[in-house]
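Asks: All I have is the shape, not the residue letters:
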């Protein structure tokens, strides 16, 4: 007879609960190198724009490429359901807060068209950019051939939670090992959290993994499902899987932290947690180049029966260039994210992303109440 | 001479402090099975409506049965004190916030009538539903025979804290072992928290245990008495008792977490903490089927000398059907609770409640301050 | 060469961070016994009113005695500086918030009069009450003889922090061992926190110890000095000292937790932390019997150079009788504190204070944000 | 094959999360001694005013000297760029909150003039004060000779993070060992956090170390860069380095905690964490002697591309004398900081700063929500 067995809970941490410790050596920011590699593609900066309809359209993808980063186009959103989604986007932006979800649910009832899939990919390629496009696991088998044939460079297979082993009622669920017999462009898969789940996905041969379940500004999975892992811990766990997989196989599969990143400080904390890059929605949705007219929403928001996200009003208040490279007069960390990353790396003596992943981080909750009291004192003109 | 002895305190956790981690395997929600068994009765979904006067009347019990769940009628409330409690319920709903407690204290001075006990049970049975009714331990010996003879299917013996060993001034306190010589319908007992207290109750032969002291929305036991255990820890401890009892005896006694559950996320966290089912008051009080006219209150609120609960205004804004099954456009987790539970189970690869109890959960406090800052940004039309 | 030595910090807990766990046995509240002994004096309930000018005057002391508890009169406040402090109390109550501290600083410049010390003690005795009066350590040698000769029953020697070993520039600092050669009435000393400091005070022969530095509602020691220990930990540590001292000497010296207690829940948590009684200011200041006209302040507030407390507006909204014994329609724990204590003890199966000290307590932070969200929902008429 | 390696995070603490425990012995405050030594200079009190343009000008430095402390003049701010910075300071004070950062960025474009460096130092010396002046590491080699020749007594080399080993593109980065061949006045270096970084700086021969990255009221490094260590932990770690270095070399290098200190309580917590002195900006900016006209800002605020601080409105509401020595009617700890320090040391039985460093401190989060609820109750008249 064994004694009582109590379930054990591990503590997990998010951005607002940690802070980076400066290094014993410092270096000038101009000595810092930021490159990211996904399969054969190399990007100057480790910033990826989310596959969200209000963030990335073909034009945005081209702008993001020019800025040195990568944008992913959602192949199951309004850009492949409508010739010109402008009317829909305007309707969403004009909706009252109470109507917004219902309008989104309705807009996503229109069918996805193969011709628009091909057209959007070609529009991105015509702009000279790396064409990265996303599908959900459910539609990947059906769409992957068309995506590859249309000239896409990177396929992103993304849902709230994606695993290497999915059970469905149909006998023909998605198996990545099978997919890779037909599809020869790099495939990035997500989202995952957890050491085992990430390791299993990596072993199927993916070119990258998106990390994060629950923390995005437009996501309400924690309220609706109770599911979610704060990003610092999620990234630490998945980085451990990446390093373990590298030691096992010699193959380095980058991980991209996705969700909840708003400031330069958040970006830096992702990398120090072990990320190779960051994927962001909200910040890019605020640029003049984004199609969302100052709003954005997660891809689980239009779900017909159980929406798990909200339309978020973010405003239009910056450009891709200023967001990434400044200069800025903002002091809250919401512009010049690349400059912030280089400065922080300099303070930690990190020459590149791999070295910055080794920096020390402490648990140091932001005392927000304190901040509010102080902000009150500051409010005089 | 021994050294100084300091009292030790264990950390306990509530819903807002934890989050569920997705599994290494995922399954389609349609593969998920949700059944609950209490004695010989089987329910399609593990949802139980609280024995609160503003939540359950005979009609509500019938509706809940049709929806696949179970509702418990309070035999010591207005439904057994008044032929037609409509006037009383209207008076409570119309009272100002300051008067409400005093009006409730007064309303519960009317005597409990045996004829109404029998009538209410028969009304539920006439609707084809499983008739579950509740008494307090103090009145159980007196009422149990009548309850059984009137055709009730399940007896719930419930007070804020119920133990297998209660000392009172009378020589004839309730002893469950004795009760079970006369009463042969399944008896569910609560509320308990703690491994030992739950194990002792299970060993008396009960058919189920209600878990939770202090956390309900209409309960102020923590302010008044300082007593209460957050629901995640309470459920973990009692689930350990259930599993220990099962290993000892081979008899599986389901535990039902009761109190403080408001969203699909909360429901999921109960099950992952080890619950077999959830009991809810506030969410059901908001349905058109509930008798409370948009208000509800705990059964300790009418206490004449030391009320330990408040009348809570919840509004009338959904139906039993929508609350449980959707569809919904709400994104805050307050509708389609069954859909949320199935979706979350799918993300954790759980085919049934017993498997979902094994999912991983982390301590991950909700950063509410953060949320509020963001909500402000969202407030634009 | 030893390695680096980092200062270690221990976690301390306050009322809002803990909750009491019900017991494995429950008993009826009428079986609960609440007596407190200080020296030869026995009190029906373990409630002591603070030696604060807005709380205790001779009349209040008499009322408190009738109610079964004890009140302490401050011998260095307005009651021994003015024949009729009514004018002063009225001035304090009428002052704007900004002026209040300066008015208090001024009011306490008047000299303490020996004739008033004697008169106040005699007034209390004339009412048939136990006369407990307080002095600061600095004035104790000078006043103690007069206090004893005037017929006082209990002397309380109290300052923010009192130790058995105090160094001062004068060669004749207070030594309790010396004091006890001349003074033969029971002496209660405070305030202390910490195992060692409390043990040392107990070894001098005191009849009771007041526990708590920093947590009172009218106290700002934490802001001004950085000094303070949350009450749950302070009480646990001092209770360990009491028990250690008892094992050493066979002499049981009760400890009285003083500061920050507002609700029945707080009272219960003090006892479960190990206290033998509670001392309260704010709650008693709200009674019609208190002289403060709805305000009160700590005895460090009038300090001429470095005030460490504020005048707090509490209102007049109850009586000593209702505060202690109810009945009440309040559901927030601020009335019927004795009823709450008995009910909680019943739920923990405790027959008396000593047994209740053994109850289990968990760390369970109050989620206030959550509470506020809900309160908003409740605000409808 | 090793198992998975997860990054470990250590918990760090700030002022609002700790409280000081009174001692087993208490002493009268007049027995307390507060002296601070930096190189050959001795100061009566361990208070240093920050090298911020809105805080210290030559006149302020002279006043601070008279008050027994030390002020540091920033040699790269407006005082060395403008003959009369009055116009600029007025412009900053008059700016709207949105314009302030841009105006500061512009104001700091004017070149630093050697003649003004010399003049400011001579102005301080003419007032009879110890002349302490600051440069950034980047400009130190260029300026140090002039500083010494102009008669400065102490050179402070300060940037957000300063290490003994800095890599830059130029071959001639600052090396402190080299600097000390030419510069023979004491050099204080900062800021550092962390045991190793501080130890390395101490081993170069500096006369003092400034401790703290991120916590200042005018600093937003945590938002922008994610970098920062709460001050209690930062000070504990650096104090451990100081003590280690002392055991290694017999040389005692004082550490000065810099950033986020607002109250007497904060000052005391710095010392108990191990500091020898405190450096403050915000509190001194509020004095009539400060040049900032009720505003102040960090020296990273004017950064052209990536400002990491804000202009903070603090008001003008005290004097250097009252701030340090009182008397005061404020009860929030913002005046009479020396009095508060002496009182707290008395309560901990500490005769001097070195003894106070040994006091016990507990982790005791300030329950702000609680405080706010109470403040509401206090708001009457």
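Replies: That came in fine, so what should we check first? No experiment lies behind these values; they were computed from the predicted model shown.
Asks: helix, strand or coil for residue A:73?
Replies: What DSSP: H, G, I helix; E, B strand; the rest coil gives for residue A:73 is strand.
Asks: quick one: contacts for it?
Replies: A:51, A:56-58, A:61, A:79, A:120-121, A:124, A:131-134 (C-beta atoms under 8 Å, 6 or more residues apart in numbering or on different chains). Every residue, glycine included, has its C-beta placed from N, CA and C.
Asks: do the same with residue A:10
Replies: Going by C-beta under 8 Å, 6+ apart, residue A:10 touches B:362-363.
Asks: rewinding a little: if we take the contacts of residue A:73, which one ends up nearest to chain C?
Replies: Taking C-beta to the nearest C-beta as the measure, chain C lies nearest residue A:51 of the contacts of residue A:73, at 32.5 Å.
Asks: Wait, the closest one touches residue A:159, no?
Replies: No - if you go by C-beta atoms under 8 Å, residue A:51 and residue A:159 don't touch, sitting 11.0 Å apart.
Asks: So for these two, which sits in the more crowded spot?
Replies: residue A:51 (26 against 21; other C-beta atoms under 10 Å in any protein chain shown).
Asks: Please identify the helix or strand for that one.
Replies: Assigned by DSSP states H and E, residue A:51 belongs to no helix or strand.
Asks: For residue B:225, see how far away it is.
Replies: Residue A:51 sits 52 Å away from residue B:225, going by C-beta to C-beta, to the nearest Å.
Asks: Run a quick neighbour tally on the closest residue in space to residue A:243 that isn't next to it in sequence.
Replies: Nearest residue to residue A:243, sequence neighbours excluded (C-beta to C-beta, 6 or more residues apart in numbering or on different chains): residue D:5, at 6.5 Å. Neighbourhood size, residue D:5 [other C-beta under 10 Å]: 12.
Asks: Residue D:5 reaches residue A:240, doesn't it?
Replies: Yes - using C-beta under 8 Å, residue D:5 is in contact with residue A:240, at 5.7 Å.
Asks: So what sits opposite residue A:36 in the bridge?
Replies: When assigned by DSSP bridges, residue A:36 has beta-bridge partners residue A:43.
Asks: Quick check: it touching residue A:279?
Replies: No - with contacts counted by C-beta under 8 Å, residue A:36 stays clear of residue A:279, the gap being 11.3 Å.
Asks: Neighbour count: these two, which is higher?
Replies: residue A:279 (31 against 22).
Asks: Just want the phi and psi numbers for the more buried one.
Replies: For residue A:279, the backbone dihedrals (degrees, to the nearest 10) come out as phi -110, psi 130.
Asks: dump the residue contacts of it.
Replies: Counting by C-beta under 8 Å, 6+ apart, residue A:279 touches A:48-50, A:72, A:210, A:256-259, A:261.
Asks: so how many other residues sit close to whatever residue of the stretch 51-200 of chain A ends up closest to chain D?
Replies: Nearest residue of the stretch 51-200 of chain A to chain D, counting by C-beta to the nearest C-beta: residue A:195, 5.6 Å away. Number of residues near residue A:195 (other C-beta under 10 Å) recorded here: 19.
Asks: ok, now which ones touch it?
Replies: For residue A:195, the contact set (C-beta under 8 Å, 6+ apart) comprises A:237-238, A:240-241, A:244, D:4, D:6.
Asks: same question, residue A:36
Replies: Shown in contact with residue A:36 (C-beta under 8 Å, 6+ apart): A:42-43, A:45-46, A:70, A:254, A:276-277, A:353.
Asks: mind listing which of those are in helices?
Replies: Applying DSSP state H to these, the entries found in helices are residue A:353.
Asks: Among the contacts of residue A:36, name the buried ones.
Replies: A:43, A:45-46, A:70, A:254, A:276-277, A:353 (16 or more other C-beta atoms under 10 Å in any protein chain shown).
Asks: Pull the most distant pair out of those residues.
Replies: A:70 and A:353 (14.8 Å; C-beta to C-beta).
Asks: for chain A, what helix or strand is lowest in average pLDDT?
Replies: The helix or strand of chain A with the lowest confidence, counting by mean pLDDT, DSSP states H and E, is helix A:368-378 at a mean of 33.
Asks: I'd like the distance from whichever strand or helix holds residue A:235 to the chain centre, please.
Replies: Per DSSP H and E: residue A:235 is located in helix A:231-249. Centroid separation between helix A:231-249 and its chain, computed with C-alpha atoms, centre = their mean, to the nearest Å, is 17 Å.
Asks: pLDDT averaged over it - what is it?
Replies: Averaging pLDDT along helix A:231-249 yields 97.
Asks: got a list of what residue A:347 touches?
Replies: Listed by C-beta under 8 Å, 6+ apart, the contact partners of residue A:347 are A:22-23, A:26, D:160-161, D:225, D:227.
Asks: Output the residues you listed as a markdown table; include the columns secondary structure, pLDDT and neighbour count.
Replies: Output for the contacts of residue A:347, formatted as a markdown table (DSSP: H, G, I helix; E, B strand; the rest coil; pLDDT from 0 to 100; neighbours: other C-beta atoms under 10 Å in any protein chain shown):
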| residue | secondary structure | pLDDT | neighbour count |
| --- | --- | --- | --- |
| A:22 | coil | 97 | 29 |
| A:23 | coil | 96 | 24 |
| A:26 | strand | 95 | 26 |
| D:160 | coil | 93 | 25 |
| D:161 | coil | 94 | 27 |
| D:225 | coil | 95 | 35 |
| D:227 | strand | 95 | 29 |
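Asks: Nice, that's everything, thank you.
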